[in-house]
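Student: show me how the following folds:
(2 chains)
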Protein chains: 2
Amino acid sequence: MGKIVYGIDVGGTSIKFGLFNSEGVRLITKFEKDTPKTNQQTSVLESIFNTIQETNQMYGYSELDIEGIGLAVPCPVKDGIVNSCANIKWERMNIRKELADKFSNQVHVVVSNDANIAAYGENASLEIPFRNAIVITLGTGVGSGIILNGEILEGSTGMGGEIGHTHVYDGPIETCGCGAKGCLEQMCASKGMTNYALELSKEMSTSINLNQITIKDIFEAAKLGDKLCLKVVDRAAEYLGKAASVVALTIDPDAFIIGGGISKAGQYFLDKIKNAYQKYARFSTGNKPFLLAKTGNDAGIIGAAHYAIKK
Amino acid sequence: MGKIVYGIDVGGTSIKFGLFNSEGVRLITKFEKDTPKTNQQTSVLESIFNTIQETNQMYGYSELDIEGIGLAVPCPVKDGIVNSCANIKWERMNIRKELADKFSNQVHVVVSNDANIAAYGENASLEIPFRNAIVITLGTGVGSGIILNGEILEGSTGMGGEIGHTHVYDGPIETCGCGAKGCLEQMCASKGMTNYALELSKEMSTSINLNQITIKDIFEAAKLGDKLCLKVVDRAAEYLGKAASVVALTIDPDAFIIGGGISKAGQYFLDKIKNAYQKYARFSTGNKPFLLAKTGNDAGIIGAAHYAIKK
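Tutor: Now for the predicted structure:
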């Protein structure tokens, strides 16, 4: 029996576990557990440790078979340390060390932010991963992660690759979840798109049901030529392309990878983003590939497993 | 006699040479030579090689005393290779290899873009250099360079840290030197500032001489309360602060260092940039230090020398 690796994606509601063969990062099993709600400063890592022990036992593995454990967490991380977390009551915790210390032998543990880990996983899952890539995940929010020289770019305080909250819009707009106004996320994530559709509907007609707008409806109608929906989609693509052009003149990545729920709109949306990008790109940065992400909902556990093996 | 290092800053008009003691990067001598105007594909590196040989002879050094040679060049560089250069007729040249091969023993040569090298030098000249910093140089243009994990961030095609040409302005504006419109440089470099002063002068009065506007005059008048000049300075600071906030959520550096001619306006301008930055900064990125650069006109040769020793 070869070595194994755990990829674990910690969320405020549930914790996703993936057990993989270390070689080739092939999935053996995956499952979810509820995130403990009380005493989270100790209970979350205890629950993770216990679940690993139980899973090991169930599948006939021992601690010595574990090549690594990767943990994706929903907050900024710097060198395995979390200072505060919006979704879990963690304060000034060395997550990496605390989890590693629970094992009797020194098990190799890595911890990083969930968007960064997902980005790492998307890139690592490519046939030939890029050395430098940015992965932008479009859904309820705009998440992103940067891979530079094959490593996650955490930055000085763990805020590397957080382009979803860069300021891109000066006009009147409601307050973003981050507390500020005019974030990229407000122009390109699902809420911003549906809000914009409602705003436009005061002056334009549309074929979609305005009482129950979905992103899927917006894209489908846009493809069929609905002018209002086309405007909503084009604005999102415009801001994403512009933001990507700024990233290109900052870190100059090899490629852009677009993932998340909204990216289900597929090549149609990707082409629009790339067109906008090329309008703003300068010098030698205009011809970078734009790819659709592939790992879907398992990006977190897959990325965590890949990162645990790599580090 | 200890080892020596050459820091060389290649421009379209002249080539600046610096000879340094390797230990402590202490300057022994510096001088300039005209850049050869014909057959540049071969003549420029030949001239550099010959000048090094002559200087060595003059100061009693041999090739074996050279710990390294650092070359700053006025174009994008990737792994020592230049594909094309606006100011010197270089095409698809491995500058690093071609210069190194001229020496009989293997002399250690490094090559990078001049803005990146200057940024490296500014940071390396600090008492305690930062691991991660962005240096923004304000003058005729907006140059910048990013130091990440102590290394120059060249990026995929050598365009890393070129934030001067990120798109920041959608309004009507003349074409930028890069061929596009709305670049950061157009809002914050000297030409953009004097143009804006002229534009405002149609509606506002000012104490400065509009027939011969200098950046120095604009800053001095702004400090004395000239409303027009204050508006010009504030707009430049606003765009720089906003751009810095985007950089912070991309690479999350430890610090921002501001240099170049315009930075002679000193703490007054730095405070304005930092205020604008804090308005747009998110999460844990709001408290980063903003420093004034110190190396001045020698940033190129000093940076090249530091980089040659480090690599």
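Student: which helix is the longest one in chain A?
Tutor: In chain A, taking DSSP state H as the definition, the longest helix is helix A:227-248.
Student: next SSE downstream of it?
Tutor: Once the chain leaves helix A:227-248, the next helix or strand it forms, by DSSP states H and E, is strand A:255-259.
Student: and residue A:159, helix, strand or coil?
Tutor: coil (DSSP: H, G, I helix; E, B strand; the rest coil).
Student: all helices for chain A, in order.
Tutor: Under DSSP H, chain A gives helices at A:40-59, A:95-101, A:114-124, A:184-188, A:190-200, A:215-223, A:227-248, A:267-280, A:299-310.
Student: can you list those in JSON lines and add mean neighbour count and distance to residue A:258?
Tutor: Backbone N, C-alpha and C define where each C-beta goes, glycine included. As requested, these are arranged in JSON lines below (neighbours: other CB atoms under 10 Å in any protein chain shown; distance: least, CB to CB, whole Å):
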{"stretch": "helix A:40-59", "mean neighbour count": "16", "distance to residue A:258": "31"}
{"stretch": "helix A:95-101", "mean neighbour count": "19", "distance to residue A:258": "29"}
{"stretch": "helix A:114-124", "mean neighbour count": "28", "distance to residue A:258": "10"}
{"stretch": "helix A:184-188", "mean neighbour count": "26", "distance to residue A:258": "11"}
{"stretch": "helix A:190-200", "mean neighbour count": "19", "distance to residue A:258": "15"}
{"stretch": "helix A:215-223", "mean neighbour count": "19", "distance to residue A:258": "14"}
{"stretch": "helix A:227-248", "mean neighbour count": "23", "distance to residue A:258": "8"}
{"stretch": "helix A:267-280", "mean neighbour count": "18", "distance to residue A:258": "6"}
{"stretch": "helix A:299-310", "mean neighbour count": "27", "distance to residue A:258": "13"}
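Student: redo those as JSON lines? Include distance to residue A:254 and mean pLDDT.
Tutor: Putting the helices of chain A into JSON lines (distance: least, CB to CB, whole Å; pLDDT from 0 to 100) gives the following:
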{"stretch": "helix A:40-59", "distance to residue A:254": "34", "mean pLDDT": "98"}
{"stretch": "helix A:95-101", "distance to residue A:254": "29", "mean pLDDT": "97"}
{"stretch": "helix A:114-124", "distance to residue A:254": "10", "mean pLDDT": "95"}
{"stretch": "helix A:184-188", "distance to residue A:254": "22", "mean pLDDT": "96"}
{"stretch": "helix A:190-200", "distance to residue A:254": "28", "mean pLDDT": "95"}
{"stretch": "helix A:215-223", "distance to residue A:254": "28", "mean pLDDT": "96"}
{"stretch": "helix A:227-248", "distance to residue A:254": "11", "mean pLDDT": "97"}
{"stretch": "helix A:267-280", "distance to residue A:254": "14", "mean pLDDT": "97"}
{"stretch": "helix A:299-310", "distance to residue A:254": "17", "mean pLDDT": "95"}
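Student: hey, what's residue A:29 bridged with?
Tutor: Here residue A:29 sits in beta bridges with residue A:19, as judged by DSSP bridges.
Student: isn't it right next to residue A:59, touching?
Tutor: Yes. With contact defined as CB atoms under 8 Å, residue A:29 reaches residue A:59; the gap is 7.4 Å.
Student: got the domain ranges for chain A?
Tutor: A:4-122+A:298-310, A:128-293 (automatic domain parsing).
Student: adding distance to residue B:116, write the ones you listed out as TSV.
Tutor: Listed next are the domains of chain A as TSV, based on distance: least, CB to CB, whole Å:
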stretch	distance to residue B:116
domain A:4-122+A:298-310	25
domain A:128-293	11
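Student: looking at those, spot the one closest to residue B:44.
Tutor: Of all those, domain A:128-293 sits nearest to residue B:44, with 21.6 Å by CB to CB.
Student: near chain B, anything from the closest one?
Tutor: Yes. Domain A:128-293 is in contact with chain B by CB under 8 Å from any CB of the partner chain, via A:131-132, A:146, A:148, A:153-163, A:165-167, A:178-180, A:183, A:242, A:245-254, A:280, A:282-285, A:288.
Student: stretch A:73-87 now?
Tutor: Yes. Residues of stretch A:73-87 contacting chain B under CB under 8 Å from any CB: A:76, A:83.
Student: ok, for residue A:102, nearest residue in space, not its chain neighbours?
Tutor: residue A:49 (4.5 Å; CB to CB, 6 or more residues apart in numbering or on different chains).
Student: pretty sure the one you found contacts residue A:101?
Tutor: No. Using CB under 8 Å, residue A:49 is not in contact with residue A:101, being 9.8 Å away.
Student: now for those two: what residues contact both?
Tutor: Counting by CB atoms under 8 Å, 6 or more residues apart in numbering or on different chains, no residue touches both residue A:49 and residue A:101.
Student: hmm, residue A:187 and residue A:167 touching each other?
Tutor: No. Look at residue A:167 against residue A:187 with CB under 8 Å: they stay out of range, at 10.8 Å.
Student: buried stuff in stretch A:275-295?
Tutor: Within stretch A:275-295, the residues that qualify as buried by neighbour count (16 or more other CB atoms under 10 Å in any protein chain shown) are A:276-278, A:280-285, A:288, A:290-291, A:293, A:295.
Student: follow-up on the earlier one: and the residues of domain A:128-293 next to chain B, which of them are buried?
Tutor: The buried subset of the residues of domain A:128-293 next to chain B - by 16+ other CB under 10 Å - is A:132, A:146, A:148, A:153-163, A:165-167, A:180, A:183, A:242, A:245-254, A:280, A:282-285, A:288.
Student: now do the contacts for the residue nearest to residue A:178 when sequence neighbours are not counted.
Tutor: Among residues not flanking residue A:178 along the chain, residue A:165 sits closest, at 4.9 Å (CB to CB, 6+ apart). Residue A:165 is in contact with A:176, A:178, A:180, A:183-185, B:249, B:282-283, counting by CB under 8 Å, 6+ apart.
Student: show me what residue of the stretch 51-200 of chain A gets nearest to chain B.
Tutor: residue A:155 (2.3 Å; CB to the nearest CB).
Student: so how far is residue A:111 from the closest residue to that residue other than its chain neighbours?
Tutor: Spatial nearest neighbour of residue A:155, chain neighbours left out: residue B:252 (2.3 Å); criterion: CB to CB, 6+ apart. Distance from residue B:252 to residue A:111, counting by CB to CB, to the nearest Å: 17 Å.
Student: so where is the stretch 1-150 of chain A shaky, pLDDT-wise?
Tutor: In the predicted model, the stretch 1-150 of chain A carries pLDDT under 70 at residues A:1.
Student: kindly report the residues of it close to chain B.
Tutor: A:76, A:83, A:131-132, A:146, A:148.
Student: out of these, what pair is the most spread apart?
Tutor: Maximum distance among those (CB to CB): 29.6 Å, for A:83 and A:131.
Student: next, the contact list for the residue nearest to residue A:294 when sequence neighbours are not counted, please.
Tutor: Of all residues not flanking residue A:294 in the chain, residue A:125 sits nearest, at 6.3 Å (CB to CB, 6+ apart). Counting by CB under 8 Å, 6+ apart, residue A:125 makes contact with A:294-295, A:302, A:306.
Student: what number of residues lie near residue A:266?
Tutor: The number of residues packed near residue A:266 is 11, by other CB atoms under 10 Å in any protein chain shown.
Student: okay, the closest residue to it other than its chain neighbours: pLDDT?
Tutor: Leaving aside its chain neighbours, residue A:266 sits nearest to residue A:292 (6.5 Å; criterion: CB to CB, 6+ apart). As predicted, residue A:292 sits at a pLDDT of 94.
Student: got the contact list for the residue of the stretch 51-200 of chain A closest to chain B?
Tutor: Counting by CB under 8 Å, 6+ apart, residue A:155 has contacts A:78, A:161, B:132, B:251-253.
Student: for residue A:278, same thing?
Tutor: So residue A:278 contacts A:241, A:286 (CB under 8 Å, 6+ apart).
Student: if I look at it, how far off is chain B?
Tutor: 11 Å (CB to the nearest CB, to the nearest Å).
Student: hmm, what's the outermost residue in chain A?
Tutor: residue A:203 (35.3 Å; CA atoms, centre = their mean).
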